[in-house]
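*Asks:* Just the structure for this:
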Amino acid sequence: MNVQVIDGRACARALKQSLEADVAGLHGEGLGIGLATVVVGEEYGSAAYERRLHRLADEFGVAYSPQVLPADAGQDQVMARISELNADPGVSGILVLRPLPPHIDETAVFRAIEPRKDIEAVHPENAGLLALGVPRFVPSTAASCFHLLDTWLDSVGEDRADFYHRSLIVVVGRSNNVGKPAISLGYERQATVVSVDEWADRTTGIGRHTRWADVLIVAAGKAGLIKAEHVSENAVVIDVGINPAAGADGRVHMVGDVDYDSVAPRVRAITPVPGGVGPVTDVWLLRNTVTAARLLAGHPIDEARP
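*Replies:* Purely as a prediction, here's the structure:
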């Protein structure tokens, strides 16, 4: 099969054009916009993501405030930093980067974020709105998966509604920031949705589920989990994984949850790693920060979204 590679970088460039206008519009209204990230420890993936966001914020003239705490920071220190960001009028969006150290109560940290600044919808109020189909924010990675799908469908001339109505979407991974929101977005499009995680690989075999997928979204955090025998020939594969791996040159490279070399020749379309979901996610996070700035200024949700 002649696979189509879904180019996340090209999709991100198109999103950037609309984001430039959104940021300019905020500044024209006299509204500030600022993004704060909270990192606890020095996890490689989080640090790489934080650097990308910093560069992107600088590119758009968005104030950026990285908050880096040591790995042994206590719960009180993390909560105090969140409280400071909640009260800071220069911060419109707060992103707590995972993973947090095991001694930190992640749920308590997420509950502490001001809901209107919670740009990844991890606060229970925002997660609930997303599950009900009336989101304040759509988490950036899950949103990017479906934005890439929608853009690809447009490029091949398929009707979005018809495609989703007849499709089985299998989501591998059940994280609060990717897997579960992706399930909600699949439901919103009236697709049939199946949720599995890596436990299926250890028990019944993950291919028992994934081989039926018309759309396979893989966000398990396990490098090379999905191989050629796990996919059908008509599948569209969206690889969310970002796993550090040592290359032949001795440098650290990012690889996906999908074994690209074996899967790509077999499927209809696929996102690469890097260059797939990641670039869109970065831009979408800034879009959510724009929405947060408008919400904080008193705009209703429908008016606040770019």
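*Asks:* Who's the closest spatial neighbour of Glu43, skipping the chain neighbours?
*Replies:* Leaving aside its chain neighbours, Glu43 sits nearest to Pro99 (6.0 Å; criterion: Cβ to Cβ, 6 or more residues apart in numbering). Every C-beta, even on glycine, is put in place using the N, C-alpha and C of the backbone.
*Asks:* where does the one you found sit relative to Asn177, distance-wise?
*Replies:* Counting by Cβ to Cβ, to the nearest Å, the separation of Pro99 from Asn177 is 11 Å.
*Asks:* quick one, which of these two is more surrounded?
*Replies:* Asn177 (19 against 13; other Cβ atoms under 10 Å).
*Asks:* For the residue nearest to the more buried one when sequence neighbours are not counted, give me the pLDDT.
*Replies:* Spatial nearest neighbour of Asn177, excluding adjacent residues (Cβ to Cβ, 6+ apart): Pro139 at 5.4 Å. Looking at Pro139, its pLDDT is 96.
*Asks:* Was I right to think Pro139 contacts Gly179?
*Replies:* No. Judged on Cβ atoms under 8 Å, Pro139 makes no contact with Gly179 at a distance of 10.3 Å.
*Asks:* So between these two, which is more surrounded?
*Replies:* Neighbours were counted for Pro139 and for Gly179 using other Cβ under 10 Å; Pro139 has more, 29 against 23.
*Asks:* wait, what's in contact with the more buried one?
*Replies:* Contacts for Pro139 (Cβ atoms under 8 Å, 6 or more residues apart in numbering) come out as 120-122, 130, 177-178, 181.
*Asks:* what about Ala14, neighbour count?
*Replies:* 13.
*Asks:* Chain neighbours aside, what residue packs nearest to it?
*Replies:* Once flanking residues are discounted, Ala14 sits nearest to Thr151: 7.9 Å by Cβ to Cβ, 6+ apart.
*Asks:* Please report how far the one you found lies from Tyr164.
*Replies:* Distance, Thr151 to Tyr164, using Cβ to Cβ: 14 Å.
*Asks:* Could I get the contacting residues of Gln4?
*Replies:* 152, 156, 268-270.
*Asks:* Kindly state the pLDDT recorded for the residue lying closest to Asp257 once chain neighbours are set aside?
*Replies:* Once flanking residues are discounted, Asp257 sits nearest to Gly241: 3.1 Å by Cβ to Cβ, 6+ apart. Gly241 is assigned 94 on the pLDDT scale.
*Asks:* doesn't Asp259 make contact with Gly241?
*Replies:* No. Using Cβ under 8 Å, Gly241 and Asp259 do not qualify as a contacting pair, with a distance of 10.5 Å.
*Asks:* Between these two, tell me which one has more neighbours.
*Replies:* Neighbours per residue, other Cβ under 10 Å: of Gly241 and Asp259, the larger number sits with Gly241, 24 against 17.
*Asks:* dump the residue contacts of the more buried one.
*Replies:* The contact partners of Gly241, by Cβ under 8 Å, 6+ apart, come to 218-223, 225, 255-258, 273.
*Asks:* does the residue nearest to Asp257 sit in a helix or strand, and which one?
*Replies:* In this structure, Gly241 sits in neither a helix nor a strand according to DSSP states H and E.
*Asks:* Check Tyr64 too.
*Replies:* Going by DSSP H and E, Tyr64 is in strand 63-69.
*Asks:* about what we covered before: what secondary structure does the residue nearest to Ala14 sit in?
*Replies:* helix (DSSP: H, G, I helix; E, B strand; the rest coil).
*Asks:* so it sits right up against Cys11, yeah?
*Replies:* Yes. Using Cβ under 8 Å, Thr151 makes contact with Cys11 at a distance of 5.3 Å.
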